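**Q** Quick one: sequence and predicted model below, then my questions.
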Amino acid sequence: MWWGMDSVIEDDDKIGSEQAKQVIRRAIAMLRPYRKEVVLGAVVMVLGVLCLLAGPAFLRFGIDHGLGGSEGRLRADPDALNKAAIAFLAVSIATIALARAQILLFTRVGEKFLRDLRIRVFDHIQSMSMAFFDREQAGKLVARMTSDIDSLQELVQQGLVMFITSALLLVLSVVVLVSMSPLLSLICIVAIPLVAVASIWFRRESNRAYLAVRDRIGQTLTLLQEGLSGVRVIQAFGREELQERRFNSRNDAQLDAQMTAIKISAFYFPVIELSGVATTAAVIGIGGVMVEAGYASLGTVAAFVFYLANLFEPIQVLSQLFNVLQSAGAALTKIFGLLDTRSPIAERVGAVDLPTGGGIEVRDLGFAYDGRNPVLTGVNLTIAPGERIALVGPTGAGKSTLAKLIARLYDPTEGSISFGGVDLRDTRLSSLRSHLCVVPQEGFLFSGTILDNVRIGRAGASDEEVRAAMALIGVEKRFAALPEGLQTEVRERGSRLSAGERQLVSLARAALAAPEVLVLDEATSNLDPGTEADVEAAMVALMEGRTVIVIAHRLTTAARADRVAVVDDGGLVEVGTHDELVAQGGRYAAMFATWSGQATAPVDEAPELAHAD
Ligand code: ATP
């Protein structure tokens, strides 16, 4: 039953009047570029409503003058009837034409507004730092771009214009009715309590039902999405039936919610309809007596019947659209809230460009993802220009965190990191990104060709430049040998390229970007020997002549570096050249001894050995 749905109603789907005012103000500010269209649309809207209201007035004139319906007037005037009929037809056609123009004008503005909003949200999300993405669930961000924008779309496409038109029509109809016959208008008052109670009830219940439907649709979609992306696991474990049962039950819940919403509407609308019919009957009955008694003309009573339709229809529309308006308001509030979130990695006023050829200084560095539990403490490290330093250590030691801080994906909680003497927090972000490039462990591929994917390293690079960058690290031939060569479509999520090939694309991107500093997270996945050799060769070529911080998962990579830093328990426990550290007989020497015995084992695959003293 629908009153049992309270648990699914989200509080953030409701907004207070102060919030609503703010949202409206901001939305209006965003509409500024389209103010001409909005003003024109408003004029068209008012004209349309006036035309709609003029129709019954002409009817009244026609009946009273053309048919002799007015008190004291016994002779009919056919000319007046013709004039009234023509005028009625003219305003009816004008009403239709104006309604069309109004829909086109407002929908165009609305769609442009949504386009602007989508761009702003997308750009904003893209500009946020990693700390923001740690905090925000990806699902919530996607919801801002999908279901929240959909709520607004609903409003733009059918809601807002109808809402304002109906409100205007309702108010003006009351004014016209009262001015035409205050006495006859009193009859309408009788219907008001019933209509008001029914409308308040409908607004509340349909709001709950509407939110419940939205929630259930969301649940069904989540399951559908999981079912699609996890189809391999589901089939591999033969869980199709379980998945089907889960889907069926969610689907049934959605059906129940939809039915509840329909039942509420199916009750409310006939009540309003009935009130309209009863009021009309009363107007005709009592109006007839009033005409007899000379208190009203026949034309007035006939016009009243028409105006009553203008009164009850808008009430239905307003009640129906209230939820759309409410949820669009809530959606806009959430979207504006997201747009107001400042990135923790913001560029300072007066930020400077990084100097060329500087070294990296890590001073008393401390960091906690949550601001409380430190992941790194007291880290000091100096990296000379052109030096290649390998970070090694067990899983979860903090190697990636240190690398991310050096790339300023996060800011330190304590201490500082500087490049060429400039604190990273004082640098211009564009300068930092052009100086330093991060190659993540898993190369992400976007839909498009191999060439397009490598070009992400430097937007605007020509095909020749992309090929040259690939050739520089020795991967061009390998991809050119594919049937479609470098134009091979990698498809979404790169399902047509192997893990090793994805890494090669990722390395080629960095080669094209040609940064001064490279932060490289070596891949841990085991590759076939041929690809492994290609990846190694590409890495070696890419590191040539650059300052490199590599998170080494293979000791060959560590041994090749100028210096090795062993990270453990959130700090640097050993720093030195490979030979020095082996001779020292400490943590690294133990790792090396283990590795020498197991030739190809990645460091992290034997964490307990990595811990051995
Ligand atoms: P691996 O070799 O497995 O990548 P690592 O040495 O690079 O390990 P980090 O990824 O730096 O280790 O992680 C260090 C600690 O910080 C771990 O305890 C990890 O759980 C935690 N951590 C990493 N990323 C986050 C994050 N985004 N939010 C909160 N804690 C995190």
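**A** Here it is on my side, so go on. Numbers count the residues shown, from 1 in each chain.

**Q** Get me the contact residues on this structure for the ligand.
**A** For the chain, the residues in contact with the ligand (C-beta under 6 Å from any ligand atom) are Asp134, Tyr369, Val375, Gly393, Thr395, Gly396, Ala397, Gly398, Lys399, Ser400, Thr401, Asp604. C-beta: built from backbone N, CA, C; applies to glycine.

**Q** Helices - which of those land there?
**A** Asp134, Lys399, Ser400, Thr401 (DSSP state H).

**Q** from the middle of its chain, how far away would the helix or strand where Gly299 lies be?
**A** Taking DSSP states H and E as the criterion, Gly299 maps to helix 298-340. Distance of helix 298-340 from the chain centroid (C-alpha atoms, centre = their mean, to the nearest Å) equals 27 Å.

**Q** Now the residue of the stretch 151-300 of the chain found nearest the ligand, what are its backbone angles?
**A** Closest residue of the stretch 151-300 of the chain to the ligand, C-beta to the nearest ligand atom: Ser229 (22.0 Å). Note on Ser229: backbone dihedrals following degrees, to the nearest 10 are phi -70, psi -20.

**Q** can you pull the pLDDT of it?
**A** pLDDT for Ser229: 81.

**Q** What count of nearby residues applies to it?
**A** 10 (other C-beta atoms under 10 Å).

**Q** Gly159 touches Ala328, doesn't it?
**A** Yes - under the criterion of C-beta atoms under 8 Å, Gly159 makes contact with Ala328 at 7.1 Å.

**Q** Helices of the stretch 401-550 of the chain, start to end?
**A** 429-435, 450-455, 463-472, 476-480, 499-513, 529-543 (DSSP state H, counting those that start in this stretch).

**Q** what's in contact with the fourth one?
**A** Under the contact criterion C-beta atoms under 8 Å, 6 or more residues apart in numbering, helix 476-480 has outside partners Ile450, Arg467, Met470, Ala471, Gly485, Leu486, Thr488, Glu501, Leu504, Asp534.

**Q** That one - what's its average pLDDT?
**A** 87.

**Q** Restricting to C-alpha, output it in PDB.
**A** Provided in PDB are the C-alpha atoms of helix 476-480 (Å, rounded to 0.1, in the frame of the first residue of the first chain):
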ATOM      1  CA  GLU A 476      54.300   1.800 -33.600                       C
ATOM      2  CA  LYS A 477      55.100  -1.300 -35.600                       C
ATOM      3  CA  ARG A 478      53.200  -3.600 -33.300                       C
ATOM      4  CA  PHE A 479      50.000  -1.600 -33.700                       C
ATOM      5  CA  ALA A 480      50.500  -0.800 -37.400                       C
END
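
**Q** mind listing what's buried in it?
**A** Glu476, Arg478, Phe479 (16 or more other C-beta atoms under 10 Å).

**Q** Then stretch 367-383?
**A** So for stretch 367-383, counting by 16+ other C-beta under 10 Å, buried means Phe367, Ala368, Pro374, Val375, Leu376, Thr377, Val379, Leu381, Ile383.

**Q** So for it, mean pLDDT?
**A** Rounded mean pLDDT across stretch 367-383 is 92.

**Q** Stretch 325-339 too?
**A** 84.

**Q** And the pLDDT for the residue lying closest to Ile450 once chain neighbours are set aside?
**A** Excluding its sequence neighbours, the residue lying closest to Ile450 (C-beta to C-beta, 6 or more residues apart in numbering) is Leu486, at 4.9 Å. The confidence metric pLDDT takes the value 86 at Leu486.

**Q** these two touch, right, Leu486 and Asp452?
**A** No - with contacts counted by C-beta under 8 Å, Leu486 stays clear of Asp452, the gap being 9.4 Å.

**Q** What's the ChimeraX line that selects buried ones from the contacts of helix 476-480?
**A** Entered in ChimeraX, the line below selects the buried ones among these, by 16+ other C-beta under 10 Å:
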select :450,467,470,486,488,501,504,534
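
**Q** now the chain, which segments are flagged as low pLDDT?
**A** Under the criterion pLDDT under 70, the flagged ranges of the chain are 1-15, 68-76, 137, 139, 158, 492-495, 525-526, 598-613.

**Q** For it, which segments count as strands?
**A** 360-367, 376-383, 388-392, 414-419, 422-423, 436-439, 517-521, 547-551, 563-568, 571-576 (DSSP state E).

**Q** now the end-to-end length of stretch 363-382.
**A** 8 Å (C-alpha to C-alpha, to the nearest Å).

**Q** no wait, stretch 543-563
**A** 14 Å.

**Q** what's near enough to touch Asp340?
**A** Taking C-beta under 8 Å, 6+ apart as the definition, Asp340 has no contacts.

**Q** going forward, begin numbering at 836 instead of 1
**A** Sure, I'll start counting at 836 from here, so that last one is Asp1175.

**Q** Kindly provide the distance from it to Thr1391.
**A** Distance, Asp1175 to Thr1391, using C-beta to C-beta, to the nearest Å: 49 Å.

**Q** For the residue of the stretch 1236-1385 of the chain found nearest the ligand, list the residues it contacts.
**A** Closest approach of the stretch 1236-1385 of the chain to the ligand (C-beta to the nearest ligand atom) occurs at Thr1236, with a separation of 3.4 Å. Contact partners of Thr1236, counting by C-beta under 8 Å, 6+ apart, are Phe1202, Tyr1204, Val1210, Leu1211, Tyr1245.

**Q** thought Trp1229 was touching Asp1403?
**A** One correction, residue 1229 is Pro, not Trp. Yes - taking C-beta under 8 Å as the definition, Pro1229 is a contact partner of Asp1403 at 6.4 Å.

**Q** which one of these two has more residues nearby?
**A** Taking other C-beta under 10 Å, Pro1229 and Asp1403 do not tie; Pro1229 has more neighbours (21 against 18).

**Q** Grab the longest helix from the protein for me.
**A** The chain, longest helix under DSSP H: helix 1075-1128.

**Q** Tell me the helices and strands packed up against that helix.
**A** helix 1017-1064, helix 1133-1175 (3 or more C-beta pairs under 8 Å, 6 or more residues apart in numbering; DSSP states H and E).

**Q** hey, which of these is tucked in deepest?
**A** Across those, the average number of neighbours (mean count of other C-beta atoms under 10 Å) peaks for helix 1133-1175, which reaches a mean of 20.

**Q** All the helices of the stretch 836-985 of the chain, in order from the start?
**A** Going by DSSP H, counting those that start in this stretch, the stretch 836-985 of the chain shows helices at 852-865, 870-896, 913-962, 965-970, 973-978, 984-989.

**Q** Any chance of a markdown table for the ones you listed, columns mean neighbour count?
**A** A markdown table is the format used below for the helices of the stretch 836-985 of the chain (neighbours: other C-beta atoms under 10 Å):
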| stretch | mean neighbour count |
| --- | --- |
| helix 852-865 | 13 |
| helix 870-896 | 18 |
| helix 913-962 | 16 |
| helix 965-970 | 14 |
| helix 973-978 | 12 |
| helix 984-989 | 20 |
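
**Q** Roughly how far does the residue most central in space within the chain sit from the ligand?
**A** Among the residues of the chain, the one closest to the centroid is Met980, at 2.0 Å (C-alpha atoms, centre = their mean). The gap separating Met980 from the ligand is 22 Å, by C-beta to the nearest ligand atom, to the nearest Å.

**Q** That residue contacts Ile954, correct?
**A** No - if you go by C-beta under 8 Å, Met980 and Ile954 don't touch, sitting 10.8 Å apart.

**Q** rewinding a little: make CSV from the strands of the chain and add distance to Lys871 to it.
**A** CSV is the format used below for those (distance: least, C-beta to C-beta, whole Å):
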stretch, distance to Lys871
strand 1195-1202, 52
strand 1211-1218, 56
strand 1223-1227, 59
strand 1249-1254, 50
strand 1257-1258, 48
strand 1271-1274, 46
strand 1352-1356, 50
strand 1382-1386, 55
strand 1398-1403, 61
strand 1406-1411, 63
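
**Q** With respect to Val1048, which of the ones you listed lies nearest?
**A** Closest to Val1048 of the strands of the chain, according to C-beta to C-beta: strand 1271-1274, at 43.4 Å.

**Q** with the ones in helices among the residues of the chain next to the ligand in mind, which one is nearest to Val858?
**A** Nearest to Val858 among those, with distances taken as C-beta to C-beta, is Asp969, at 28.0 Å.
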